[in-house]
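Asker: got a structure for you, letters missing:
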């Protein structure tokens with residue numbers, strides 16, 4: 001598979017170079033032919049996307065990125081960035097799980113999503129009115145729609161990957177990025193916590209912080225260290241996690257805290 005991906009990328013480069021040479025010798029050549037040379041690259045991207053989604057269904061997106069990077073020889077940082085966008089787009093097609101054992105963590109983002117969507121519509125109207133070049137209007141419109149879909153996909157990744165407490169199993173998630181899996185017996189303490197500072201997932205010593213719009217309201221401490229599965233941080237061990245839950249009271253009650 002690694003050889004196939006590299007061959008497709010090499011074929012794309014050769015095709016584009018050939019197209020540039022042909023255009024320089026024959027200026028009347030249709031420019032749209034340059035898109036034909038991109039077909040092998042599109043096939044390579046489709047293969048990588050299929051591998052990522054397949055592996056994510058069997059494990060997690062973080063593990064899927066690590067395995068696919070190793071299998072295909074693709075730089076992990078680049079695949080992580082692109083894989084995150086694929087995960088967000090995939091979240092648009094998923095349904096939010098329902099049940100008393102699920103606990104959402106997306107409510108703070110809901111008004112932001114509505115505001116962002118409204119501003120995107122206003123931007124599209126203004127661009128159509130103010131930008132005189134037709135092709136440039138289409139480029140800006142496509143990029144704006146894509147950015148809106150990625151942001152909504154991020155929101156959907158939080159709503160379709162809620163925290164969960166079932167039987168003796170506790171899952172604490174941060175969308176498609178981070179997953180913590182442990183047992184109820186391994187929880188030494190669970191309760192409220194102060195909001196803190198910072199809007200990014202961060203690991204400080206043995207404490208992981210998973211905010212939603214810089215907000216955290218729940219803390220869980222473990223008796224024994226727990227290994228996390230994070231798309232950026234990898235798989236370090238932690239003793240405490242601070243995170244956000246929409247219904248903190250119900251979550252703590254379910255834990256028996």
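Answerer: It's in. All of these numbers come straight from a predicted model, not from anything done at the bench.
Asker: tell me the mean pLDDT for the helix or strand that contains residue 34?
Answerer: Per DSSP states H and E, residue 34 falls inside helix 33-36. On average, the pLDDT along helix 33-36 is 78.
Asker: how distant is it from the center of its chain?
Answerer: Distance of helix 33-36 from its chain centroid, counting by Cα atoms, centre = their mean, to the nearest Å, is 31 Å.
Asker: got the buried residues for it?
Answerer: residue 34 (16 or more other Cβ atoms under 10 Å). C-beta here means a position set from N, CA and C on the backbone, and glycine is covered the same way.
Asker: need the strands for the protein, in chain order.
Answerer: Listed in chain order, the strands found in the chain under DSSP state E are 102-103, 163-166, 169-174, 178-183, 187-192, 202-204, 207-210, 218-230, 237-243.
Asker: For this structure, which helix or strand comes out least confident on mean pLDDT?
Answerer: Ranked by mean pLDDT, DSSP states H and E, the helix or strand of the chain with the weakest confidence is helix 33-36, at a mean of 78.
Asker: Could you list the domains of the chain?
Answerer: 2-91, 102-159, 163-255 (automatic domain parsing).
Asker: most tightly surrounded among the ones you listed?
Answerer: With neighbours taken as mean count of other Cβ atoms under 10 Å, those reach their highest mean count in domain 163-255, at a mean of 17.
Asker: re the thing from before, helices or strands next to the least confident helix or strand of the chain in the packing?
Answerer: Judged by 3 or more Cβ pairs under 8 Å, 6 or more residues apart in numbering; DSSP states H and E, the packing partners of helix 33-36 are helix 2-25.
Asker: and with 6 Å instead?
Answerer: Packed against helix 33-36, as judged by 3 or more Cβ pairs under 6 Å, 6 or more residues apart in numbering; DSSP states H and E, are no other helices or strands.
Asker: For it, give me every contacting residue.
Answerer: residue 19 (Cβ atoms under 6 Å, 6 or more residues apart in numbering).
Asker: Now with 7 Å, please.
Answerer: 16, 19 (Cβ atoms under 7 Å, 6 or more residues apart in numbering).
Asker: any idea how far residue 233 lies from residue 201?
Answerer: Separation of residue 233 from residue 201 (Cβ to Cβ, to the nearest Å): 7 Å.
Asker: pLDDT wise, what is the residue nearest in space to the middle of the chain at?
Answerer: Taking Cα atoms, centre = their mean, the centroid of the chain lies closest to residue 84, which sits 3.4 Å from it. Listed pLDDT for residue 84 reads 91.
Asker: before we move on, back to that, including distance to residue 88, could the strands of the chain go into TSV?
Answerer: Converted to TSV, the strands of the chain look like this (distance: least, Cβ to Cβ, whole Å):
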stretch	distance to residue 88
strand 102-103	20
strand 163-166	19
strand 169-174	13
strand 178-183	14
strand 187-192	30
strand 202-204	21
strand 207-210	17
strand 218-230	16
strand 237-243	20
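Asker: Of all those strands, which one is nearest residue 77?
Answerer: strand 218-230 (14.1 Å; Cβ to Cβ).
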